[in-house]
Structure formats: structure tokens, C-alpha cells
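Undergrad: no FASTA, just this:
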């Protein structure tokens with residue numbers, strides 16, 4: 001009798017202990033993760049709220065989004081919105097030149113990755129604390145920068161529609177960091193300075 005008890009103590013109890021440990025490590029397939037109901041994030045966390053927390057300590061996100069940021073228990077990968085990696089919204093090759101690099105991306109991939117409620121809006125009308133409306137730069141529509149449609153010959157300086165537009169609407173829509181510069185001084189890989197064609201001219 002004592003030998004049976006010894007066998008149980010030496011083999012059975014350690015085996016039960018190991019099974020118990022293995023059971024503790026199994027994922028509960030019936031569990032449902034919800035960042036909102038579970039209180040993982042405060043109201044207004046997305047789109048702008050999470051930026052400061054991730055910048056301060058992005059490793060704190062791995063508990064729910066996985067050590068590789070591919071979803072983890074939340075099943076929400078950072079790359080659902082971050083096309084580059086978990087810290088870069090746009091593809092890495094864009095660098096700080098998103099305004100100049102995005103046309104080729106959009107022409108090849110369309111706007112589906114941009115058109116969501118966290119980035120540029122479901123209808124590309126912009127999202128507060130996130131991506132601007134496409135029409136803030138594309139004043140001629142989502143695929144046209146300028147509002148005029150007929151050809152203007154830049155080589156000869158014949159730009160009748162551009163002069164008519166500026167004469168009627170002013171330069172407010174041209175003055176930004178992605179188009180012709182906040183002071184119309186031009187932008188790298190984008191719009192030229194107005195002084196290139198209008199030396200010495202001042203604009204309202």
C-alpha cells in the first residue's frame with residue numbers, strides 16, 4: 001500500500017501539477033475582447049488620443065496588440081491604420097514628404113487605406129486630430145489638385161485659368177505647406193514659388 005502511495009506522490013502529483021500549469025497558459029476561446037467595454041482605453045482614444053501614450057511608451061501596447069503589434073488578444077493590428085509600421089502612419093518610404101509621395105501610392109492602390117474614420121474620413125472629408133480632408137489640397141476634386149481642367153502652358157507663361165482663379169478666389173487655397181507654401185515661397189517636390197513667374201509681385 002505504501003508503495004502505491006509513493007508512486008502517486010512521485011509521479012501522479014507532479015503530473016497533475018504540470019497539467020494545471022498547462023491549463024493556465026491556454027487562451028480562453030470563449031473570451032471576447034472589447035477595448036471600450038473592458039475599459040482598456042478612455043473615451044476619445046482614437047484617433048488622436050493614443051498618439052501621446054504610444055510615443056511615451058509604445059511597449060505598453062504589446063500586452064493587448066501583441067509583441068509584434070500584429071493584433072495580439074485585441075485582434076487589432078497597428079498596421080490596420082499605420083501603413084508603415086506601428087509608429088509610422090504612412091509607408092516608410094514617404095518620410096516627411098507624404099504630400100509628394102502619396103499620388104503614386106493612390107494611383108496604384110486606390111484610397112481604401114486612407115478612407116476610414118480614423119485617417120482621412122470614410123468619405124475623405126478629414127478627421128479631427130488626424131488626416132485632413134483631401135479637398136484641403138485637391139481643390140479640383142480628390143484626383144485633381146487644381147480646379148481648372150484645360151491645359152495651361154507653363155513653358156510660355158500662358159496660364160489663363162490660373163490667373164482667373166486667383167483673380168476671383170485669391171491665393172488662400174494655394175497657401176499651405178503642401179502646395180505653394182504658407183508664404184507662396186514654393187514647396188519641395190510640389191508647387192513652385194509664385195515669384196518664379198511673378199518676380200517682385202505681392203499677393204493678397
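TA: Okay, I see it. Given the structure is predicted, the values throughout are model-derived calculations rather than measurements.
Undergrad: Excluding residues flanking it in the chain, which one is nearest residue 54?
TA: residue 61 (6.1 Å; CB to CB, 6 or more residues apart in numbering). Where you see a C-beta, it was placed from the backbone N, CA and C, and this is true even at glycine.
Undergrad: Just say helix, strand or coil for that neighbour.
TA: Three-state assignment for residue 61 (DSSP: H, G, I helix; E, B strand; the rest coil): helix.
Undergrad: pLDDT score for it?
TA: Note on residue 61: pLDDT of 89.
Undergrad: now residue 137
TA: Value listed for residue 137 in the pLDDT field: 90.
Undergrad: number of nearby residues for it?
TA: 18 (other CB atoms under 10 Å).
Undergrad: quick one, what contacts the most centrally placed residue in the chain?
TA: With distances taken as CA atoms, centre = their mean, residue 89 lies nearest the centre of the chain, 3.5 Å away. Residue 89 makes contact with 81, 82, 83, 119, according to CB atoms under 8 Å, 6 or more residues apart in numbering.
Undergrad: distance of it from residue 180?
TA: Counting by CB to CB, to the nearest Å, the separation of residue 89 from residue 180 is 24 Å.
Undergrad: How about the contacts made by residue 49?
TA: Applying CB under 8 Å, 6+ apart, the residues contacting residue 49 are 41, 42, 129.
Undergrad: how about the first one, phi and psi?
TA: Right, the one you point to is residue 41. Main-chain torsions, residue 41, degrees, to the nearest 10: phi -130, psi 150.
Undergrad: and the end-to-end length of stretch 75-86?
TA: Using CA to CA, to the nearest Å, the end-to-end distance of stretch 75-86 comes to 14 Å.
Undergrad: Quick check: next helix or strand after the worst-scoring helix or strand of the chain on mean pLDDT?
TA: For the chain, using mean pLDDT, DSSP states H and E, the weakest element among its helices and strands is helix 13-25, scoring a mean of 50. Per DSSP states H and E, the first helix or strand lying C-terminal to helix 13-25 is helix 50-56.
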